[in-house]
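1. Using only what follows, build the 3D model:
(chains A and B)
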Amino acid sequence: MTELSEKRASTVVSDQVVAACAPWSAVVRAGQELQIIDLQGNQAVDTLFYGFVDGRPDPAMRYSAQATVAAQRNIFLTTGSVLRAADGTALMTIVADEVGNHDTIAGACSKESNTLRYGHHTVHQHACAENFLAEATKWGMGKRDIVSNVNFFMNVPVEADGTLGIVDGLSAPGKSLTLRAEADTLVLVSNCPQINNPCNGFDPTPVRMVITET
Amino acid sequence: MPSTTSTEGARSHARAQATTAQLRVPATPEGATGVSWAEVVPAGSYATRVLGRGTRLRLTDPDGGACAHVLLFRADASWERLNVADTVKVPWQAYLGAGHPLLSDQGRVLATVVADTSGHHDALCGTSPAARAQMLLGVHKHGMDIRDVAPSVSLFKGVRVGDDGGLAFTGGAGAGATVDLLLHLPLVVVVVNAPHPLDPDPAVTDLDLVAWQAPAELTTPVSTDPEYLRALFNTESTWAAARDSEVVK
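-> Numbers count the residues shown, from 1 in each chain, chains lettered A, B, ... in the order given. Below is the predicted model:
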C-alpha cells in the first residue's frame, strides 16, 4: 500500500509562505490540519494558540506551556503531544513530525531580553515579542495576552545540573510538522528574526503554512 | 454565646469571636527589622500584597508540605510581569536557587532569590486548575483578570528533567525550608499554597510569609553573571529615570 493511498483526500484551505522575520496568524477550525514546513531548515517558528470561541480568541483558552508540559511529563514536543490550555483543554495535537524535540520552555525573544542575553547593542533588532504584539492586536489582543509559546524547530536541551540553552537545530530544508486542531484555534506565529543565536542558523528564512481539511 | 436575634446581639457575637480565636503569626526572622507583612497561608488558600522596592520576602515551609505558586507584577505597571521563560533562558539555568533572578518580560529583574535552604523548586509545570482558580482571585484583588494569570513558579516542590526530556517529581526538602526573595521594584505579589501538579500524593501544609525592609541589600549584586548585571542595570536605570526630580540642597 502506498503512502498516498493511505491518506484520505484532503482539500487545501490555505497555503501561504511567511516571509523571513514576519508574523502570521490564522484560525484553524476543529478537525483541520496545519502543516508547518521549514523551507530552508533550522528556522524557529514561535507559535501561540488561543481557543477561538464566538468569533474571538478566548483568554481563558490560551495555550499553556506549563499545563502542556505537566500533562505529558516531558518538556519536548513531538508526534502525540497535545497542546493544552491552562485547564487542560486540548487545542491542537501534533500528528506528524519529521524533526522532534520542539521547545516550549524557552519562550520568545524580545528586544528587552536581547539586551540581557547579548548586550544593549541589540535593543533595536527585530524580535518575536514585537511580531506577537503586532499580530495579536489584529485579533483584539494585547501584551497581557502574550504568554510562553512553542518554538517549533528550536532545540533547547536541559542538562543534569539544570543548564539549558538554545543549540544547533535538528531540522533541515523541507522538514515539516503537522498539527490537528482539536477545537477552533487561533494560531499566532512569529517567524523568528533572532540573529544572535543558532535558533535560525544565524540566518532567518521563510516558512510555509498549509491548512487542509478532509 | 450572645443571641443573634437583634443587631446588638449579632454585634456582640461578632465582636466576641476575635477575643477567643487562635491566629498564628510567623515569627520575625533574627536580625530583621521593619516587618511589613507576616501571614500564614493555609493549604488551598492564597495571599497577596503590594510590597515596596527593597523588601525582603521570606517564604517558609514550616511543616514540609507547602508548595508556593508565585506570580509577580510591577505594582505601577501590572502589564509588566514575571516571565518564566526568560527567567530560565536568560540565566542559562532551568532550576531556581540562590542567585537566580526572577525576570520580567521587559528585561528587568523583579526579584532575586537571595537565599534558599530548599533546592526543590520548579519553573516548568505551573499549577493545577484548583490553584489557578485561587491565583485568579488573587489577581482580581488588584484589578487584573484571567489574562494576567500567566505562567508561575513553584517553590518547595521540585522537578528534574531527564536526558529524554522526561520530568521527575522530586518532592520537597522537609520541614523548615526557607526561600528569600529581594524585591528590586514595587511589586504585586500573589502566592497560592496548593499541590504541585506532578505531586502523586499531595498533603499540603501551612506556608509562612514574612516581609521586611532591607533596602541596603539592593546595592550588592548576588551574582556576577553578565546577564544578571545587565538586568540590574535595566532595573536600576528605569527606577531612577521614573523618579521625580528633586532640588538638590
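
2. Show me the residue at the heart of the chain, geometrically.
-> By default, I'm working from chain A. Of all residues in chain A, the one closest to the mean position by Cα atoms, centre = their mean is residue A:47, 2.8 Å from it.

3. Switch to chain B, please.
-> Central residue of chain B (Cα atoms, centre = their mean): residue B:70, at 4.6 Å.

4. Verify the stated contact: that one with residue B:153.
-> Yes - Residue B:70 lies in contact with residue B:153 (Cβ atoms under 8 Å); the separation is 5.3 Å. In this view, the C-beta of every residue, glycine as well, is placed from N, C-alpha and C.

5. what distance separates the start and the end of stretch B:21-29?
-> End-to-end span of stretch B:21-29 (Cα to Cα, to the nearest Å): 24 Å.

6. do stretch A:97-116 as well
-> Termini of stretch A:97-116 sit 33 Å apart (Cα to Cα).

7. near chain B at all, that stretch?
-> Yes - under the criterion of Cβ under 8 Å from any Cβ of the partner chain, chain B is reached by stretch A:97-116 at A:101, A:105-108, A:110-116.

8. List buried residues within those residues.
-> When burial is judged by neighbour count using 16 or more other Cβ atoms under 10 Å in any protein chain shown, the buried members of the residues of stretch A:97-116 next to chain B are A:101, A:105-108, A:110-116.

9. Can you add pLDDT and give those back as CSV?
-> Shown next, in CSV, are these (pLDDT from 0 to 100):
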residue, pLDDT
A:101, 97
A:105, 98
A:106, 98
A:107, 98
A:108, 98
A:110, 98
A:111, 98
A:112, 98
A:113, 98
A:114, 98
A:115, 98
A:116, 98
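
10. hmm, back to that, please enumerate the shared neighbours of residue B:70 and residue B:153.
-> Here residue B:70 and residue B:153 share the contacting residues residue B:82, scored by Cβ atoms under 8 Å, 6 or more residues apart in numbering or on different chains.

11. Tell me how far the top helix by length along chain B lies from the chain's centre.
-> In chain B, taking DSSP state H as the definition, the longest helix is helix B:226-242. In terms of Cα atoms, centre = their mean, to the nearest Å, the centre of helix B:226-242 is found 21 Å from the chain centre.

12. Remind me which helix or strand the residue nearest to the centre of chain A belongs to.
-> Assessed by DSSP states H and E, residue A:47 sits inside strand A:45-53.

13. What are the buried residues along that strand?
-> Neighbour-count burial for strand A:45-53 flags A:45-52 (criterion: 16+ other Cβ under 10 Å).

14. then it to PDB, C-alphas only?
-> Output in PDB follows, covering the C-alpha atoms of strand A:45-53 (Å, rounded to 0.1, in the frame of the first residue of the first chain):
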ATOM      1  CA  VAL A  45       8.700  29.200  14.400                       C
ATOM      2  CA  ASP A  46       7.500  30.900  17.600                       C
ATOM      3  CA  THR A  47       3.800  30.000  18.000                       C
ATOM      4  CA  LEU A  48       0.900  30.700  20.300                       C
ATOM      5  CA  PHE A  49      -2.600  29.200  20.400                       C
ATOM      6  CA  TYR A  50      -5.900  30.600  21.500                       C
ATOM      7  CA  GLY A  51      -9.200  28.700  21.600                       C
ATOM      8  CA  PHE A  52     -11.400  30.600  19.200                       C
ATOM      9  CA  VAL A  53     -14.900  31.000  20.700                       C
END
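
15. Parallel or antiparallel, list what pairs with the very next helix or strand once past that strand.
-> Per DSSP H and E, the first helix or strand lying C-terminal to strand A:45-53 is strand A:56-62. Under the criterion DSSP bridges, strand A:56-62 sits next to strand A:45-53 (antiparallel) in its sheet.

16. avg pLDDT for the strand it pairs with?
-> Taken as a whole, strand A:45-53 has a mean pLDDT of 98.

17. got it, and stretch B:80-99?
-> Mean pLDDT, stretch B:80-99: 98.

18. Run through the helices of chain A in chain order.
-> Under DSSP H, chain A gives helices at A:3-6, A:65-72, A:111-117, A:128-136.

19. wait, I meant chain B
-> Going by DSSP H, chain B shows helices at B:7-20, B:84-89, B:129-140, B:226-242.

20. any idea how far residue A:208 lies from chain B?
-> 26 Å (Cβ to the nearest Cβ, to the nearest Å).

21. Pull the number of nearby residues for the closest residue to that residue other than its chain neighbours.
-> In space, and not counting its chain neighbours, residue A:208 is closest to residue A:37: 4.1 Å by Cβ to Cβ, 6 or more residues apart in numbering or on different chains. For residue A:37, the neighbour count with other Cβ atoms under 10 Å in any protein chain shown is 21.

22. correct me, but residue B:189 touches residue B:70?
-> Yes - counting by Cβ under 8 Å, residue B:70 is a contact partner of residue B:189 at 7.2 Å.

23. what about residue A:117, distance to residue B:45?
-> Per Cβ to Cβ, to the nearest Å, residue A:117 is found 38 Å from residue B:45.

24. tell me the strands in the chain, going along the chain?
-> If you meant another chain, say so; for now it's chain A. Secondary structure of chain A, counting by DSSP state E: strands at A:11-18, A:23-28, A:33-38, A:45-53, A:56-62, A:82-84, A:90-97, A:150-152, A:175-181, A:185-191, A:207-213.

25. that's the other chain; I wanted chain B
-> Counting by DSSP E, the strands of chain B are B:35-41, B:46-51, B:55-61, B:68-74, B:77-81, B:101-103, B:109-116, B:121-122, B:153-155, B:158-161, B:167-171, B:177-183, B:187-193, B:207-213.
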